[in-house]
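Participant: Here is my input, please return the structure:
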Amino acid sequence: MGRANTAGKRRLRAMIIGTSVAVGAAGLVAGSLYVVNTDAESEPPREAALAGGARAGQSTARAAQEQADDGAGALAARLARRLGTRTNGGYVDSAGRAVVTVTNDDDAAMVRAAGAVPKTVRRTPAALRRITSTLRTSMADVPGTGWAIDPVTSQVVLWTDASVTGTRMARVQRMVQQMGSSVRTVRFSGRLRTLADGGDAIFGGGSRCSLGFNVRRGGQDFFLTAGHCGNAVAEWTADQRGARPLGTTVASSFPGNDFALVRSAQQGLGGQGGVDLYNGQVRDITQAGEAVVGQRVARSGSTTGVTTGRVLAVNATVNFPEGTVSGMIQTSVCAEPGDSGGPLFAGTTALGLTSGGAGDCRTGGVTFFQPVTEALERFGAEVF
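Facilitator: Numbering: from 1, shown residues only. This next block holds a predicted model:
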């Protein structure tokens, strides 16, 4: 990926490429979204205030680990795609190895020959898909719930947040009892919500969201952000006063998905594309890929800077108060108001766009991401 060679290009990179852009969230349901009022200047990311030397060393070590996990994750994802309905998925284990679940000896031999570790499933993919199908039919109208298949245990994990109580919790418990040991429950201490705001802030409608990744389509420059942000704001700027136009939303999808495409106001970025690491450095993004359970990942955002964690689930369904989003990446990465739309990445690979979650970066939390590959396919775009 090309680097800017002039001061003007460097300024443009800092303004646009930084990764989480702020967008307005006006018109969204009050109380269900993290929307930052922009009457006052936003505070800088907490991580940006850390000591530069320590940050540089931590970033180097983190980047090396991300690169290693990225390779194992890519292998596991590729083999899982090849197996299709004959696998419960793949993951990166604690030793950093690519593991892929299999149902027969021939598939196990193929996985082994490709350099990954085969693991025979305890429950068949068909059985677990029947469970998730039942949950989609019976639980989609219960906000604060969600589910995903765990390839490590061959179970469906069903989670509830703090808002699920009383008759709704009793309904969940009856469902779990009917499904037996095939389902494992997890309780979130906070409430699931989308996280409007983020990364290198941009503005619109009196509030802000986050830019995810720069992309190109048909020879023109665009960027991606969260759909719940794109639904609310048409014109984006790089400052809250609206003096520096940044882009125009041309397509947006939420709920169901959570991605939006914004046409950049300034064209001809010269192949620049990266993520702000909030330590004076920018991580080049060279490709898009699919997340895998166990993979180490990082997220960048204007509120919390760079935070890291691991992938907990893929193809997750999340019932937000605004509606259901499916196909999500679940992670242990924390996020806070101001981080929506920001990028999830591993090494130099783009993985997702920050959508929502529960908790915060003080006490810990869980965050869900829209897979970036789905957005790129929908829009016919590519990262650069």
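
Participant: And the helices in the stretch 101-250 of the chain?
Facilitator: 105-113, 125-139, 166-179, 227-230 (DSSP state H, counting those that start in this stretch).

Participant: hang on, I meant the stretch 251-384 of the chain
Facilitator: 372-379.

Participant: Just tell me which of the helices of the stretch 101-250 of the chain ends up closest to Thr286.
Facilitator: helix 227-230 (24.9 Å; Cβ to Cβ). For glycine as for every other residue, the C-beta is placed from the backbone atoms N, C-alpha and C.

Participant: Break the chain into its domains for me.
Facilitator: Taking automatic domain parsing as the criterion, the chain consists of the domains 19-28+192-383, 52-120, 125-186.

Participant: I'd like those domains as JSON lines, with mean pLDDT and mean neighbour count appended.
Facilitator: Listed next are the domains of the chain as JSON lines, based on pLDDT from 0 to 100; neighbours: other Cβ atoms under 10 Å:
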{"stretch": "domain 19-28+192-383", "mean pLDDT": "85", "mean neighbour count": "24"}
{"stretch": "domain 52-120", "mean pLDDT": "84", "mean neighbour count": "18"}
{"stretch": "domain 125-186", "mean pLDDT": "95", "mean neighbour count": "17"}
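
Participant: Of the helices of the stretch 101-250 of the chain, which is nearest Ser154?
Facilitator: Across these, closest to Ser154 is helix 125-139 (Cβ to Cβ), at 7.0 Å.

Participant: List the contacts of that closest one.
Facilitator: 85-88, 103, 145, 147, 149, 154-156, 158, 171-172, 175, 179, 182-183, 317, 319, 326 (Cβ atoms under 8 Å, 6 or more residues apart in numbering).

Participant: Over to stretch 71-82?
Facilitator: Outside stretch 71-82, the residues that reach it (Cβ under 8 Å, 6+ apart) are 87, 89-92, 96-100, 110-111, 114-116, 289-292, 294-295, 311, 346, 349.

Participant: Narrow the residues you listed to those in strands?
Facilitator: Among these, DSSP state E puts 90-92, 98-100, 311, 346, 349 in strands.

Participant: what's the closest non-adjacent residue to Gly357?
Facilitator: Of all residues not flanking Gly357 in the chain, Thr367 sits nearest, at 3.6 Å (Cβ to Cβ, 6 or more residues apart in numbering).

Participant: what do you get for Asp339?
Facilitator: Looking at Asp339 with Cβ to Cβ, 6+ apart, the closest residue is Gly301, at 3.4 Å.

Participant: cool, Val92 as well?
Facilitator: Gly294 is the one closest to Val92 (Cβ to Cβ, 6+ apart), at 3.7 Å.

Participant: Wait, that neighbour touches Arg97, no?
Facilitator: No - using Cβ atoms under 8 Å, Gly294 is not in contact with Arg97, being 9.3 Å away.

Participant: Verify the stated contact: the residue nearest to Gly357 with Val333.
Facilitator: Yes - with contact defined as Cβ under 8 Å, Thr367 counts as touching Val333 (5.1 Å).

Participant: Common neighbours of those two, please.
Facilitator: Counting by Cβ under 8 Å, 6+ apart, the residues touching both Thr367 and Val333 are Arg299.

Participant: related to what we said a few turns ago, show me the one of the helices of the stretch 101-250 of the chain that comes nearest Thr249.
Facilitator: helix 227-230 (4.6 Å).
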